[in-house]
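Undergrad: Sequence first, then the predicted structure, then my questions.
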Amino acid sequence: MNFRMRPGSTPVVTAAEQKRIDNRAFAGGVPERSLMESAGRSAADYILRKVVETLPTKTFAVIAGSGGNGGDAVVVARLLFEAGYTVETYLAVPPENMSKAAAFHARELIGRTPGNVHRLADSPAELRVMLDPELRSAGCIVDGLFGSGTSRPACGRFAAIIDAVNRSPGKLISLDLPSGIRADSGVLDGPAVVADETVAMHFLKPAHVLYPARQRCGRITVIEVAYPEQVAADVRPIAVVPGLKTLRAQLPERPATGHKGRFGRVLVLAGSRGMTGAAILCCRAALRAGAGTVTLACPASLEPVFETALPEVITAAVPDRDGTLAGVDTPRFRDLLDTADAMVVGPGLSRHPAVTPIVERLVAEVPVPLVLDADGLWPFRGRPERIARAEGERILTPHPGEMARLLDLPIEEIEDARWEIARETANISHATVVFKGVPTVISSPADAPPRLTMVGNHGLASGGSGDVLTGLIAGLAAQKIPPRDAACLGAYLHAACADTYAETRSARSLLPSDVVEMLPHVLYSLEHGLPSLSNPPRVPG
């Protein structure tokens, strides 16, 4: 897992919002150097607790810039030295050219370790001669050259510093952001540090979330900075990453006296000839999510297939034509609708013209939460506003191609503005939107800002993975938790299953059915408040 989950939720803020938060703290009486001390102390504490024991050579090289990030870095250097480690610190500029607070901490460091603080040369060539041998011998390099205030690509001597850092063999830890990356974008437009780990200061930035910048961050850990409570409460994030405590609180209640009716009934309308697997995966995931009963309404000619493949699922035949849905106007289907707590429409349903009016009618009329995926989204391409006429709550789970069709926009435009697109679609459709991808974005009309899933890996990029997610969300929604929470929790569980699998096997071998098999372990970890998903069970096969 490349993101260390926090207990509480983590706001994602822009560079401008980070500056506003800092200025509010300063205006409220917190000295800048005290905030810097807090940030550096938290970073040093993390390194001492989680990093030192992994280093083959327990020596440090610290690179410090002129601003707040450089100030954090020299605090880290001082505290590592006080802990008894060899620390060489390299200042990009002399203390008199640093910010006032950073200069205070730099002078304090020089006073304690005068022979271990060095001014970096101005010439890129001289700088490389100076840095290369020193960085080659360090077990860990702490990058504090640039922070969230970076506004232009690194060049000249700063590009040479970044290059030297990237060539070093030691473990590389960046403070807040890898130097050279702009906080508000995933775009890489110049030299940037390639970190093994990034220690983000209290908040996440868009660059921690968006590719390709996120890839330069390595493993991301958010650490605490001592902001006053009233300042932290006034944050205006553009997105939020729910933490483990928040996700655990969303789990449906399971009273000891509960029965299958108490744990929800899911009705799935899915499957067609050649695409029976989508319905099977969806139903299995809904059961693994804890639903009391799952009923699959399927084309009549395919019912024998599903009865064999899904012994725990009830099957209900509906009219078909050559293995494709042809209608749902049967007494049996109406009875199932009357008792359902949540419904799924779409996986493997086909895009046959006869299916469109059936889907449109169900989306408009079904009173319970309905998860719309895959072929269920096809009838609404170019007209998502028609979903807003629905009687009940709706959850849409498009991947980028489906989202592009839904909004009639180029896929490049969709990918470049993931959370804005998710929010816009939620408002147009009056539905909760789970926009699959990296990151997965969950947005509801009532929600501001959207929520993000920072876990998961490329193993989920395979046919059938979305069918598992759809069933998971429906199984949770049937247990009477709000649809937006079911969407958020389902997206997390789906992605965490992929990470759990990848801890013992190659992510490239992950199958959607493996995600379903991982669910019991991931749910157990979340239920019991386990901090990580380590030591998962072996997956059969």
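TA: That came in fine, so what should we check first? Numbering: from 1, shown residues only.
Undergrad: my read: residue 222 touches residue 197, true?
TA: No - using Cβ atoms under 8 Å, residue 222 makes no contact with residue 197, being 11.8 Å away. Every residue, glycine included, has its C-beta placed from N, CA and C.
Undergrad: how near is residue 175 to residue 475?
TA: 42 Å (Cβ to Cβ, to the nearest Å).
Undergrad: which regions of this structure sit below the pLDDT cut-off?
TA: 1, 5-7, 531-541 (pLDDT under 70).
Undergrad: Just give me the residue closest to the centre of it.
TA: residue 454 (1.5 Å; Cα atoms, centre = their mean).
Undergrad: Name the nearest residue to it, ignoring sequence neighbours.
TA: residue 3 (4.1 Å; Cβ to Cβ, 6 or more residues apart in numbering).
Undergrad: who's the one you found bridged to?
TA: For residue 3, the beta-bridge partners under DSSP bridges are residue 220.
Undergrad: begin at 686 from here
TA: With 686 as the first residue, the last one maps to residue 688.
Undergrad: Pull the contacting residues for it.
TA: Contacts of residue 688 were listed using Cβ atoms under 8 Å, 6 or more residues apart in numbering, and they are 904-905, 926, 1139-1140.
Undergrad: Looking at these, which one is closest to residue 1070?
TA: residue 926 (29.6 Å; Cβ to Cβ).
Undergrad: From the opening residue of stretch 977-990 to its closing one, how far?
TA: Across stretch 977-990, the terminal residues are separated by 22 Å (Cα to Cα, to the nearest Å).
Undergrad: Any buried residues in it, and which?
TA: Across stretch 977-990, burial judged by 16 or more other Cβ atoms under 10 Å covers 977-985, 987-988, 990.
Undergrad: In strands, which of those residues fall?
TA: With strands taken from DSSP state E, the overlap with the buried residues of stretch 977-990 comprises 978-984.
Undergrad: Format the residues you listed as JSON lines; extra columns: distance to residue 1128.
TA: Compiled in JSON lines, those are given as follows (distance: Cβ to Cβ, whole Å):
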{"residue": "978", "distance to residue 1128": "30"}
{"residue": "979", "distance to residue 1128": "27"}
{"residue": "980", "distance to residue 1128": "30"}
{"residue": "981", "distance to residue 1128": "29"}
{"residue": "982", "distance to residue 1128": "29"}
{"residue": "983", "distance to residue 1128": "31"}
{"residue": "984", "distance to residue 1128": "33"}
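Undergrad: between those, which is nearest residue 738?
TA: Nearest to residue 738 among those is residue 979, at 46.8 Å by Cβ to Cβ.
Undergrad: And the buried ones among the contacts of residue 688, selectable in PyMOL?
TA: The PyMOL selection below is limited to those of the contacts of residue 688 classed as buried (16+ other Cβ under 10 Å):
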select buried, resi 905+926+1139+1140
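Undergrad: Of the contacts of residue 688, just say which sits nearest to residue 702.
TA: Checking those one by one against residue 702 (Cβ to Cβ), the nearest turns out to be residue 926, at 15.3 Å.
Undergrad: could you dump the lengthiest helix in the chain to CSV, C-alpha only?
TA: Ranked by residue count, the top helix of the chain under DSSP state H comes out as helix 1168-1187. Output of helix 1168-1187 as CSV, limited to C-alpha atoms (Å, rounded to 0.1, in the frame of the first residue of the first chain):
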residue,chain,number,x,y,z
PRO,A,1168,-25.8,5.3,-0.4
ARG,A,1169,-23.0,7.9,-0.3
ASP,A,1170,-21.4,6.0,2.6
ALA,A,1171,-22.0,2.6,0.9
ALA,A,1172,-20.2,4.0,-2.2
CYS,A,1173,-17.2,5.4,-0.2
LEU,A,1174,-16.8,2.2,1.9
GLY,A,1175,-17.3,-0.1,-1.1
ALA,A,1176,-14.6,1.8,-3.1
TYR,A,1177,-12.2,1.5,-0.2
LEU,A,1178,-12.8,-2.2,0.4
HIS,A,1179,-12.5,-3.0,-3.3
ALA,A,1180,-9.1,-1.2,-3.6
ALA,A,1181,-7.8,-2.5,-0.2
CYS,A,1182,-8.5,-6.0,-1.4
ALA,A,1183,-6.2,-5.4,-4.4
ASP,A,1184,-3.4,-4.1,-2.0
THR,A,1185,-3.8,-7.0,0.3
TYR,A,1186,-3.4,-9.5,-2.6
ALA,A,1187,-0.3,-7.6,-3.8
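Undergrad: How far off centre is the next helix or strand after it?
TA: Heading C-terminal from helix 1168-1187, the first helix or strand you meet, by DSSP states H and E, is helix 1197-1212. Using Cα atoms, centre = their mean, to the nearest Å, the distance from the centre of helix 1197-1212 to the centre of the chain it belongs to is 17 Å.
Undergrad: helices or strands up against helix 1197-1212?
TA: Here helix 1197-1212 touches helix 929-935, helix 961-973, helix 1150-1162, helix 1168-1187, going by 3 or more Cβ pairs under 8 Å, 6 or more residues apart in numbering; DSSP states H and E.
Undergrad: hmm, back to that, what would the contacts of residue 688 look like in TSV with distance to residue 951?
TA: As requested, these are exported to TSV (distance: Cβ to Cβ, whole Å):
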residue	distance to residue 951
904	36
905	35
926	28
1139	28
1140	25
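Undergrad: of all the contacts of residue 688, which two lie farthest apart?
TA: Spanning the widest gap among those are 904 and 926, at 14.6 Å by Cβ to Cβ.
Undergrad: can you dump the C-alpha coordinates of the host helix or strand of residue 810 into PDB?
TA: For residue 810, the element it lies in under DSSP H and E is helix 809-822. Presented in PDB, the C-alpha positions along helix 809-822 are these (Å, rounded to 0.1, in the frame of the first residue of the first chain):
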ATOM      1  CA  PRO A 809      26.400  23.300 -10.800                       C
ATOM      2  CA  ALA A 810      29.700  21.500 -11.700                       C
ATOM      3  CA  GLU A 811      31.200  22.300  -8.300                       C
ATOM      4  CA  LEU A 812      28.000  21.400  -6.600                       C
ATOM      5  CA  ARG A 813      28.000  17.900  -8.100                       C
ATOM      6  CA  VAL A 814      31.700  17.400  -7.100                       C
ATOM      7  CA  MET A 815      30.700  18.400  -3.600                       C
ATOM      8  CA  LEU A 816      27.500  16.500  -3.200                       C
ATOM      9  CA  ASP A 817      28.000  13.200  -5.100                       C
ATOM     10  CA  PRO A 818      30.500  11.500  -2.800                       C
ATOM     11  CA  GLU A 819      28.700  12.700   0.400                       C
ATOM     12  CA  LEU A 820      25.300  11.500  -0.800                       C
ATOM     13  CA  ARG A 821      26.700   8.200  -1.900                       C
ATOM     14  CA  SER A 822      27.800   7.400   1.600                       C
END
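Undergrad: Perfect, I'm done here.
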